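# structure for this input, please:
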Amino acid sequence: MDDLEIECRDGALLLRLRVAPGARKAMIKGVHGGALKLSVTEPPEKGRANEGVLALLAETLNIPQRQIELVSGHGSQDKRVKIAGLDEVIVRARLKTHSE
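Numbers count the residues shown, from 1 in each chain. Model prediction:
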């Protein structure tokens, strides 16, 4: 997770994501090009995959889902999320623990 690009802005962390919807298993797959790669089981329709992304991140980071906001990429595989209430070191450690 050392090559994951995390931007600190206004007391929150911004992460770039590369999402694969409709997968067999929801998981953190690693980092590619500075973005966190992950897969979710939900299909890419009517925002269901976005809900899966937020749920997976909340579970992985052990925080309430309300602390994570999808800020861009609502209809794309490339997304940006804002995470409030966590330190960058903690985010990297928790993601590393749960990555494949």
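
# now the spatially most central residue of the chain, nearest residue through space, not along the chain?
For the chain, the residue nearest the mean C-alpha position is residue 57 (5.1 Å; C-alpha atoms, centre = their mean). Distances taken as C-beta to C-beta, 6 or more residues apart in numbering place residue 68 nearest to residue 57, at 5.3 Å, with adjacent residues excluded. Quick note: C-beta positions are derived from backbone N, CA and C, even for glycine.

# got any ranges where the chain has weak pLDDT?
100 (pLDDT under 70).

# for it, what's the longest strand?
Criterion DSSP state E: the longest strand present in the chain is strand 12-20.

# mind listing what's buried in the helix or strand following that one?
Following strand 12-20 in sequence order, the next helix or strand is strand 27-32 (DSSP states H and E). Residues of strand 27-32 classed as buried: 27, 28, 30, 31 (neighbour count, 16 or more other C-beta atoms under 10 Å).

# okay, the angle between the helix or strand where residue 71 lies and strand 12-20?
Here residue 71, judged by DSSP H and E, is contained in strand 68-72. If you take axes from the mean of the first three to the mean of the last three C-alpha atoms, to 10 degrees, strand 68-72 sits at 70 degrees to strand 12-20.

# neighbours of residue 33, just the number please.
The tally of other residues near residue 33 (other C-beta atoms under 10 Å) stands at 10.

# who's in contact with it?
residue 18 (C-beta atoms under 8 Å, 6 or more residues apart in numbering).

# gap between it and residue 5?
Look at residue 33 and residue 5: by C-beta to C-beta, to the nearest Å, they are 9 Å apart.

# likewise residue 63?
Distance from residue 63 to residue 5, by C-beta to C-beta: 20 Å.

# tell me which of these two has more neighbours.
Applying other C-beta under 10 Å to residue 63 and residue 5 shows that residue 63 carries more neighbours, namely 18 against 12.

# and what about that one, helix, strand or coil?
In terms of secondary structure, residue 63 is coil; the call rests on DSSP: H, G, I helix; E, B strand; the rest coil.

# kind regards, and thank you for your time.
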